[in-house]
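*Asks:* need a structure here:
(2 chains)
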Amino acid sequence: GAVVSQHPSRVICKSGTSVKIECRSLDFQATTMFWYRQFPKQSLMLMATSNEGSKATYEQGVEKDKFLINHASLTLSTLTVTSAHPEDSSFYICSARDPRGSTDTQYFGPGTRLTVL
Amino acid sequence: EDKVVQSPLSLVVHEGDTVTLNCSYEVTNFRSLLWYKQEKKAPTFLFMLTSSGIEKKSGRLSSILDKKELFSILNITATQTGDSAVYLCAVGLTGTASKLTFGTGTRLQVTL
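*Replies:* Sure, this is the predicted structure:
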């Protein structure tokens, strides 16, 4: 099956610093990847859709200058949380759509737990 | 506004019981409904449903969609402790480049 990896799995940083999270599709090329945020005991909230070779599409209420997304290759998308603050602490999960499969089936990475002190 | 609602929010059962999880939706331009299982980390894909009345089955899990009444159920028979997880329902919409709208999830705990 389609495999998506995410790195790092956990990061702790100081307030004001920037953190980069990588999402990779390991056995397929993903033209579209998605970034989600999940608070404890809550569901997945879509932040943005990352398209290879073009600008990301952000959901309403998500600051594009704060959450920078780059999808420079067919197997890698990165999310950079700039000038992180404690309220950015959350579980960030990426997913990728396998173009060999159905339109809507997304495969998820293992997530990154971000803690901002 | 598109909405996906799951019930119950949480459930505790004994090993061997059968459970039914519910997902209802109010969306424009429905294309598909997906079920995922989330344990500690990444959600893992279970089923995708696009047509009414056709049951999808995988081992002890099965799911069916009713597009007239706008809901789906996920059944788990002979539950095991390894079934303990959050089960997420998501809806895919036409014209949205594969974007999924997730429900709040049902937290299932299976005890011995």
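*Asks:* what phi and what psi does the backbone show at residue 86?
*Replies:* Answering for chain A, as no chain was given. phi -50, psi -30 (degrees, to the nearest 10).
*Asks:* which ones are touching it?
*Replies:* A:15, A:116, A:117 (Cβ atoms under 8 Å, 6 or more residues apart in numbering or on different chains). All C-beta spots, glycine's among them, are computed from the backbone N, C-alpha and C.
*Asks:* Next, count neighbours for the second one.
*Replies:* Taking other Cβ atoms under 10 Å in any protein chain shown as the criterion, the count of residues near residue A:116 is 20.
*Asks:* Show me the shaky parts of the chain.
*Replies:* Reading this off chain A. Chain A contains residues with pLDDT under 70 at A:1.
*Asks:* try again with chain B
*Replies:* Across chain B, the ranges flagged by pLDDT under 70 are B:96-97.
*Asks:* If we only consider the contacts of residue A:86, which is nearest to chain B?
*Replies:* Within the contacts of residue A:86, proximity to chain B (Cβ to the nearest Cβ) peaks at residue A:116, which comes in at 20.0 Å.
*Asks:* Please, which helix or strand holds the residue in chain A that chain B sits nearest to?
*Replies:* In chain A, the residue that lies nearest chain B is residue A:104 (3.3 Å; Cβ to the nearest Cβ). Secondary structure from DSSP states H and E places residue A:104 outside every helix and strand.
*Asks:* for the spatially most central residue of chain A, which residues make a bridge with it?
*Replies:* Most central in chain A under Cα atoms, centre = their mean is residue A:35, positioned 3.4 Å from the mean C-alpha point. Applying DSSP bridges to residue A:35 gives these bridge partners: residue A:48, residue A:94.
*Asks:* Now for it: which residues touch it?
*Replies:* Residue A:35 touches A:23, A:46, A:47, A:48, A:50, A:67, A:69, A:77, A:79, A:92, A:93, A:94, counting by Cβ under 8 Å, 6+ apart.
*Asks:* what do you get if the cut-off is 10 Å, keeping everything else the same?
*Replies:* Contacts for residue A:35 were tallied using Cβ atoms under 10 Å, 6 or more residues apart in numbering or on different chains; they are A:21, A:23, A:45-50, A:56, A:58-59, A:62, A:67, A:69, A:77-79, A:92-95, A:109.
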